[in-house]
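Engineer: pasted the sequence and its predicted model underneath.
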Amino acid sequence: MKTDAAALAPDDQLLVVRCQLGERAAFDALVRRWAGPLHRYARRLADDADVARDLTQEVWLRAIQSLGRLRDAAQFRAWLFGIAHRVAMDRLRSRYAMPLDTSDVLDTIAAETDGDDADITQLLGGLSLLPLAEREVLTLFYLEELPLTEIASALAIPPGTVKSRLFRARHLLRQRLTAPENRHVR
Amino acid sequence: MSVDPATAALELELQRLTAGALSPLARYGHVALLLAATLMSVLLAALLATEPALPGRTQTALAVLLAIGVSWIAYATWVLRQRRPLLGHHRIVAGRMAVVFTGVFFAGALALGASTGSATYHAAASVGASLLVLAFGTLMQAHWRVAALQRQRRELQRQIGPAA
């Protein structure tokens, strides 16, 4: 599992700083850099393409309006996905609150190892089978490749909770994908 | 690298949002400022135009207030035309405008207070002084922020190398 903090690349930080200085051209580059990841995140959380598009736009607007208040450009990615998380929470509140049937999973988590990432990557196609909170943490970790510390910052939860949520999400994913009725997903 | 049409459309939409991202609160605030400054300027201009018999000192005071009103109109129009949140250099421009306008007001009130000895002008000068301190503080903050960002920019460019 990748736990070390992969800091935001210097050129990404530079882009943020240029925007904070008010350079118009930098905003277009910022859009090109982050529209894809934001939309991918929104698409994974919202099963509907229109909802994902609306969500992306709302996140972007909020981010641009408060970009001047971001103190550390190195934190931009965690900050941006933090906004995305809060917007998604607002929009998809009922689905975030969906009860998670983990009774049989939690018993086995303690015995789980980190699992192998290659296997997990293969299983990510089945994300839609998971509850939103688990889907979100897997998306941020495997698809957007955020380090644990940044996920913790974005979701406003301790890193330990991110780890346990990842364990649970991976286990649930495996379990649901290997369930007979879902075998076609693989 | 080719971008699929859906992504290209989304990027265009986000660029459009970026170009008009001034928050509703800031927009309404500047519209209110624009209206208030316009009303004040129209009234002052009407007074100056229709009351030629006013004493010279009063005419001067009204003209200074008119100049300040017009400056605030220019400032509000500039922000509303930008339609973007004020960032970095924009804040410096806004801060400088605020310092100049409040400075003119303060100096005018002070001069009139000194020449007439009127308590009203002294009170106006006190208000002007407070506003000037506020405006100066805002300007200094904007300068510090931009200086910090410029330092960060240079450091990042050094790390990236010639490609930056």
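Structural biologist: Arrived safely. Bear in mind the structure is a predicted one, so any value in this text is a computation, not a measurement.
Engineer: if I pick residue 58, what's in contact with it?
Structural biologist: This is for chain A. A:Glu58 is in contact with A:Val87, A:Arg91, counting by C-beta atoms under 8 Å, 6 or more residues apart in numbering or on different chains. Backbone N, C-alpha and C define where each C-beta goes, glycine included.
Engineer: now the nearest residue to B:Leu112 once chain neighbours are set aside: how far from B:Ala45?
Structural biologist: Nearest residue to B:Leu112 in three dimensions, chain neighbours excluded: B:Tyr121, at 4.4 Å (C-beta to C-beta, 6 or more residues apart in numbering or on different chains). Distance from B:Tyr121 to B:Ala45, counting by C-beta to C-beta, to the nearest Å: 22 Å.
Engineer: isn't A:Leu14 up against B:Glu155?
Structural biologist: No: taking contacts as C-beta atoms under 8 Å, A:Leu14 lies outside contact range of B:Glu155: 9.5 Å.
Engineer: what are the phi and psi angles of the residue in chain B positioned nearest to chain A?
Structural biologist: Closest contact between chain B and chain A, by C-beta to the nearest C-beta, is at B:Gly88 (3.7 Å). Main-chain torsions, B:Gly88, degrees, to the nearest 10: phi 40, psi -110.
Engineer: let me know how buried it is, in neighbour terms.
Structural biologist: 20 (other C-beta atoms under 10 Å in any protein chain shown).
Engineer: give me the contacts around stretch B:85-103.
Structural biologist: A:19-23, A:64-65, A:67-68, B:21-23, B:26, B:68, B:71-72, B:74-75, B:78-79, B:82, B:84, B:128, B:131-132, B:134-136, B:138-143, B:145-146, B:149.
Engineer: now a ChimeraX select for only the buried ones of those.
Structural biologist: In ChimeraX, this line selects whichever of these come out buried by 16 or more other C-beta atoms under 10 Å in any protein chain shown:
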select /A:19,20,21,22,23,64,65,67,68 /B:21,22,26,68,71,72,75,79,82,84,128,131,132,135,138,139,142,145,146,149
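Engineer: break chain B into its domains for me.
Structural biologist: B:22-84, B:87-164 (automatic domain parsing).
Engineer: how long is the shortest one end to end?
Structural biologist: Okay, so that is domain B:22-84. In domain B:22-84, first residue to last residue: 5 Å (C-alpha to C-alpha, to the nearest Å).
Engineer: show me how far that domain is from its chain's centre.
Structural biologist: 12 Å (C-alpha atoms, centre = their mean, to the nearest Å).
Engineer: which one's more surrounded, B:Tyr121 and B:Ala45?
Structural biologist: B:Tyr121 (20 against 15).
Engineer: show me where the chain has helices.
Structural biologist: As the question left the chain open, I've gone with chain A. Taking DSSP state H, the helices of chain A run over residues A:10-20, A:24-45, A:49-66, A:76-91, A:93-96, A:103-109, A:117-123, A:132-138, A:148-155, A:159-178.
Engineer: look at chain B instead
Structural biologist: With DSSP H as the criterion, chain B has helices at B:5-19, B:24-50, B:56-82, B:89-116, B:119-160.
Engineer: export those to JSON lines and tack on mean pLDDT?
Structural biologist: Output for these, formatted as JSON lines (pLDDT from 0 to 100):
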{"stretch": "helix B:5-19", "mean pLDDT": "87"}
{"stretch": "helix B:24-50", "mean pLDDT": "92"}
{"stretch": "helix B:56-82", "mean pLDDT": "86"}
{"stretch": "helix B:89-116", "mean pLDDT": "85"}
{"stretch": "helix B:119-160", "mean pLDDT": "92"}
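Engineer: out of the ones you listed, which is closest to A:Arg33?
Structural biologist: Relative to A:Arg33, the nearest member of those by C-beta to C-beta is helix B:5-19, separated by 10.1 Å.
Engineer: buried residues in that closest one, which are they?
Structural biologist: B:Leu10, B:Glu11, B:Glu13, B:Leu14, B:Gln15, B:Leu17, B:Thr18.
Engineer: and it with chain A, contact?
Structural biologist: Yes: Helix B:5-19 lies within reach of chain A by C-beta under 8 Å from any C-beta of the partner chain, at B:Thr7, B:Leu10, B:Glu11, B:Glu13, B:Leu14, B:Gln15, B:Leu17, B:Thr18.
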